[in-house]
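Chemist: Starting from these lines, generate the structure:
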Amino acid sequence: PPAEASPPATEDSSDPPATEAEGATEMQEVDGSPSPRDAAQNARGEDEKAVRRRAAKRRTNPSYVAVLPSEEEEEEEEAQEALPFRIGDPVSDDEGHVGILRYVGRPEGIRAGEFCGIELERPRQGLGDGELQGVRCFQANSEDTALFVRRHQLRPPPSRDPNTLLDLFTSPGALRALLAMQRLVRGAAARRRVRSIRMQLEAHGGRFAAVDKRAMLTPEEHAKTVEDLAKYLAEGLESDVEKARAAFAWNCSHIKYDFKMLRSGKLRNQDSESVLKKRWAVCSGYARVYDDVVEAMGLEVVTRRGWSKGYGLEPGKQPRGKGHAWNAVKLEGEWGLVDSCWGAGYVADGAFVHEFNDTNFLTPPDLFLEKHFDTGDPDNQLVAQPICLMEWTNLPI
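Modeler: Residues are numbered from 1 along each chain as shown. Here you go, the predicted structure:
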């Protein structure tokens, strides 16, 4: 039989059949619509451009905050823990701008989520006074100080950062280091004080040794009255400095500090007659006897009163109680400072230790000021630049 006739050939009969996707692509290319692949690429490009535009706008306008978060971002934000700051707390943002937290919430009419309003310490150009996109959130005290940020941008202020100098200096280790440094400063000051006084004593040619010995061995019959004592101590002495020294040495060696009376709070009479009879006194009694004896020698002398850094004082705290007393004597036209109470000894373990200490005679004013503060005329400090009580309290002991 005759062969079966083959179908007539067409122009596209030699091409393989097109798939459904390719066919769809060809149709879309025909009518001008982009393919799904091109549409995805175009969408990503538009998102990147929008992000760049918004970032540029933030740089040129710090108050620009009209960035609408996605639903996923809002849900993530709401799921975060409670805000660790309260209204009125000092805060800073992620760029280090410090201020006070004045507002936290969602402004009415703004579909942009939650905002935190900070009133900055220093104004920044381009900011407002607490208004966000026409909605009043809070009222700042001045213009260009209201900054709005997201909660995740809030930071503790610099003073609450554990790496700041304030926290470093208030840590236990730092306090121990500061105390050690204070001990070094105190030791250096004490050594300087002793060296200065020794140089001063050497300048007098060692003549105080004989004066001190004679004063300490004063017979009792010459120490019953102020006049008799002054006459005996001044006998054979040529200079006013030696006379002032003799009175100092007698006071320190013959009068004991009445620590028990001080602790009881019941002070006995501290006039010269009573002290010469009892030979016990507190600072005011030492100062009164020295004042009367030196004045009887014909020298100009006064009693000074104020505060001292002595027994019971806590470093860094202002002193309390009835204060301290010492003397100022005028020698060769200049005033000198004398503390015969401290020159008589010191208190240790609740008892007085009677031990002569000549470093409290004519002590240089700058060194004397380290432990004595005159509450009268600041010029009584006898230094070029007098200091106030707070400055004196903070000096090393």
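
Chemist: how about the strands in this protein?
Modeler: Taking DSSP state E, the strands of the chain run over residues 90-92, 98-105, 115-120, 131-132, 135-136, 146-149, 256-257, 280-281, 300-308, 324-331, 334-338, 345-348, 351-354, 372-374.

Chemist: so what's Ser274 closest to, chain neighbours aside?
Modeler: Of all residues not flanking Ser274 in the chain, Arg268 sits nearest, at 6.8 Å (CB to CB, 6 or more residues apart in numbering). Every residue, glycine included, has its C-beta placed from N, CA and C.

Chemist: Pull the contacting residues for that neighbour.
Modeler: With contact taken as CB atoms under 8 Å, 6 or more residues apart in numbering, Arg268 is in contact with 258, 261, 274, 278.

Chemist: change it to 10 Å
Modeler: 258, 261, 274-275, 278, 280-282, 285 (CB atoms under 10 Å, 6 or more residues apart in numbering).

Chemist: Just give me the closest of the residues you listed to Leu178.
Modeler: Using CB to CB, the shortest approach to Leu178 within the contacts of Arg268 belongs to Val282, at 34.1 Å.

Chemist: Which pLDDT does the model give Tyr286?
Modeler: pLDDT, Tyr286: 95.

Chemist: Show the contacting residues for it.
Modeler: Shown in contact with Tyr286 (CB under 10 Å, 6+ apart): 248, 251-252, 255, 257, 270, 275, 303, 325-327, 338-344.

Chemist: go on, Asn251?
Modeler: So Asn251 contacts 215, 229, 275, 281, 285-287, 289-290, 293-294, 327, 338-341, 343-344 (CB under 10 Å, 6+ apart).

Chemist: ok, and the closest non-adjacent residue to it?
Modeler: Counting by CB to CB, 6+ apart, Ser340 is the residue found nearest to Asn251 once chain neighbours are left out, at 3.8 Å.

Chemist: Tell me how many other residues crowd that neighbour.
Modeler: Using other CB atoms under 10 Å, the number of residues around Ser340 comes to 25.

Chemist: got it, and Val185?
Modeler: Burial of Val185 is recorded as 13 neighbouring residues (other CB under 10 Å).

Chemist: Compute the distance between it and Leu395, please.
Modeler: Computed as CB to CB, to the nearest Å, the Val185 to Leu395 distance reads 10 Å.

Chemist: same deal with Arg195?
Modeler: For Arg195, the distance to Leu395 equals 19 Å [CB to CB].

Chemist: which one of these two has more residues nearby?
Modeler: Neighbours per residue, other CB under 10 Å: of Arg195 and Leu395, the larger number sits with Leu395, 17 against 10.

Chemist: from what I can see that one touches Phe368, true?
Modeler: No: Leu395 is beyond contact range of Phe368, at 12.0 Å (criterion: CB atoms under 10 Å).

Chemist: any low-confidence regions in the stretch 251-397 of the chain?
Modeler: Scanning the stretch 251-397 of the chain for pLDDT under 70 picks out 311-321, 396-397.

Chemist: for it, what spans make up the helices?
Modeler: Ranges of helices in the stretch 251-397 of the chain, per DSSP state H, counting those that start in this stretch, are 259-264, 272-278, 283-296, 340-343, 365-368, 389-393.

Chemist: out of those, nearest to Glu221?
Modeler: Distance to Glu221, taken as CB to CB, is lowest for helix 272-278 among the helices of the stretch 251-397 of the chain, at 12.4 Å.

Chemist: If we go by neighbour counts, what in the closest one is buried?
Modeler: Residues of helix 272-278 classed as buried: 272, 275-276 (neighbour count, 16 or more other CB atoms under 10 Å).

Chemist: Next, the contact list for the nearest residue to His354 once chain neighbours are set aside, please.
Modeler: With CB to CB, 6+ apart as the criterion, His354 has its nearest non-adjacent residue at 4.6 Å, and that residue is Gly345. Taking CB under 10 Å, 6+ apart as the criterion, Gly345 is in contact with 252-253, 256-257, 259, 352-357.

Chemist: hmm, 6 Å instead?
Modeler: 352-355 (CB atoms under 6 Å, 6 or more residues apart in numbering).

Chemist: among those residues, who's most crowded?
Modeler: Using other CB under 10 Å as the neighbour test, the contacts of Gly345 are led by Phe352, with 18 neighbours.

Chemist: In this structure that residue contacts Lys260, no?
Modeler: No: when contacts are counted by CB atoms under 6 Å, Phe352 is not listed as touching Lys260 (8.6 Å).

Chemist: Would you tell me which of the strands of the chain gets closest to Thr363?
Modeler: Relative to Thr363, the nearest member of the strands of the chain by CB to CB is strand 334-338, separated by 5.6 Å.

Chemist: Any buried residues in that closest one, and which?
Modeler: 335-338.

Chemist: swap in stretch 244-264?
Modeler: Residues of stretch 244-264 classed as buried: 244-255, 257-259, 261-262 (neighbour count, 16+ other CB under 10 Å).

Chemist: what do you get for stretch 296-306?
Modeler: Neighbour counts over stretch 296-306 (16+ other CB under 10 Å) mark 296-297, 299, 301, 303-306 as buried.

Chemist: Please apply the same query to stretch 278-298.
Modeler: Neighbour counts using 16+ other CB under 10 Å place 280-297 of stretch 278-298 among the buried residues.

Chemist: The residue nearest to Leu229 when sequence neighbours are not counted and Tyr232: what is the separation?
Modeler: Leaving aside its sequence neighbours, Leu229 sits nearest to Ala223 (CB to CB, 6+ apart; 4.9 Å). Ala223 is 8 Å from Tyr232, where distance means CB to CB.

Chemist: which sections of the stretch 51-200 of the chain are below the confidence cut-off?
Modeler: Scanning the stretch 51-200 of the chain residue by residue, the ranges that satisfy pLDDT under 70 are 51-82, 159-176, 179, 186-187, 190-191, 193-194, 196-200.

Chemist: Please enumerate the helices of it.
Modeler: In the stretch 51-200 of the chain, the segments counted as helices under DSSP H, counting those that start in this stretch are 71-78, 165-170, 172-203.
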